[in-house]
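>>> Here is a sequence together with a model predicted from it:
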Amino acid sequence: MEKVFVVADIHGHYGKLEKLLTCWRPEEEQLIFLGDYIDRGHESLAVLQKVKLLTEQGAIALTGNHEQLFLRWLTEPDWAHYLGNNIGGMATLTSLQRPEWRANTNEEIAQGIIKHYADLLQWIKALPLFYQWNQYFFVHGGVDPEQEDATQTAPRDLIWIREKFHHTPHKAKETVVFGHTPTLYLNESGTGELWISPCGKKIGLDGGVIMQGGQFNGLVLTKGSDEITVYSVVEEQIKTVTKKLAK
């Protein structure tokens with residue numbers, strides 16, 4: 001396809017995902033998800049099931065740090081940090097539980113999830129770390145700015161890196177499209193709008209859907225063109241902006 005439609009950091013907001021996907025043109029746009037489907041929002045199961053279904057129909061879905069944190073919790077159910085407000089894992093566990101489990105402990109909850117969602121967990125574990133298309137490199141966190149080959153970035157950095165990547169020009173030739181860090185922290189205006197680095201080689205898509213003043217962004221890129229279109233769900237309405245990347 002000549003175009004891609006990119007979505008980042010859904011964090012359990014199924015209703016907003018469905019609204020944003022009304023802007024996607026499946027006949028001409030490859031759908032790409034940048035990870036962090038779960039935690040904080042209350043519809044993580046619905047989001048996971050939707051994204052999994054879309055990948056079975058041809059969409060690309062990458063892993064995020066929250067998927068990795070969830071998988072770790074399944075092996076360490078007494079790891080309380082995952083359940084705290086900072087990560088928001090309790091919302092995910094609540095959406096995954098079933099009344100018939102009679103789960104009273106974290107261990108029982110973890111075992112119930114492993115038993116009842118074997119296919120879903122296998123899918124989560126197999127999610128790739130990055131995807132390359134045309135002049136773009138799609139990833140959850142970012143790349144090692146010192147690497148001329150972005151694929152040589154350490155796996156942890158691909159999903160976790162922040163400041164070093166944001167503030168250092170990267171040597172890889174591709175434009176890096178990423179989520180992970182809410183653009184409210186990157187934009188001087190403090191808004192959840194798309195963030196583009198001064199040289200146009202980094203595009204931050206995570207509009208901070210979980211945050212006060214945040215929004216949920218989708219991005220359309222076209223092969224061989226510097227024009228981009230951004231669709232944003234803001235207070236349940238869709239806003240559309242078209243702009244050009246700096247050369």
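Looks like it arrived, so ask away.

>>> residue ranges for the strands of this protein, please.
For the chain, the strands defined by DSSP state E occupy 3-7, 29-33, 60-61, 130-133, 136-139, 175-178, 195-196, 202-204, 216-222, 227-234, 237-244.

>>> tell me which strands and helices the second one is in contact with?
Contact here means 3 or more Cβ pairs under 8 Å, 6 or more residues apart in numbering; DSSP states H and E; on that basis strand 29-33 packs against strand 3-7, helix 44-56, strand 60-61, strand 130-133. No exception for glycine: its C-beta is placed from N, CA and C like everyone else's.

>>> Over to the first one?
Secondary structure elements in contact with strand 3-7, counted by 3+ Cβ pairs under 8 Å, 6+ apart, are strand 29-33, strand 216-222.

>>> how about that strand: buried residues?
For strand 3-7, the buried set under the neighbour-count rule, 16 or more other Cβ atoms under 10 Å, comprises 4-7.

>>> Check stretch 239-247 too.
Using 16+ other Cβ under 10 Å as the test for burial, stretch 239-247 gives Leu245.

>>> hmm, back to that, and the helices and strands packed on strand 3-7: which comes nearest Asn106?
Taking Cβ to Cβ, strand 29-33 is the member of these nearest to Asn106, at 28.3 Å.

>>> The closest one pairs with which strands?
Neighbouring strands of strand 29-33 in its sheet, by DSSP bridges, are strand 3-7 (parallel), strand 60-61 (parallel).

>>> Kindly reformat the ones you listed as CSV and extend each row with mean pLDDT.
Shown next, in CSV, are the strands paired with strand 29-33 (pLDDT from 0 to 100):
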stretch, mean pLDDT
strand 3-7, 98
strand 60-61, 98
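
>>> Flag the shaky bits of this protein, pLDDT-wise.
By pLDDT under 70, the low-scoring segments of the chain are 247.

>>> same thing but at 80, please
Within the chain, the stretches with pLDDT under 80 are 101-103, 246-247.

>>> Dump the helices and strands packed on strand 29-33 into JSON lines; add distance to Leu69 as well.
JSON lines is the format used below for the helices and strands packed on strand 29-33 (distance: least, Cβ to Cβ, whole Å):
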{"stretch": "strand 3-7", "distance to Leu69": "20"}
{"stretch": "helix 44-56", "distance to Leu69": "12"}
{"stretch": "strand 60-61", "distance to Leu69": "17"}
{"stretch": "strand 130-133", "distance to Leu69": "19"}
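
>>> Tell me who's in contact with the closest residue in space to Trp123 that isn't next to it in sequence.
Setting aside the residues directly before and after it, Trp123 is nearest to Lys52 in space (Cβ to Cβ, 6 or more residues apart in numbering), at 5.2 Å. Neighbour list for Lys52: 61, 120, 123 [criterion: Cβ atoms under 8 Å, 6 or more residues apart in numbering].

>>> Try it again at 10 Å.
By Cβ atoms under 10 Å, 6 or more residues apart in numbering, the contact list for Lys52 reads 37, 59, 61, 119-120, 123-124, 127.

>>> Minimum distance to Asn85: which of the helices and strands packed on strand 3-7 has it?
Going by Cβ to Cβ, the one of those nearest Asn85 is strand 216-222, 20.4 Å.
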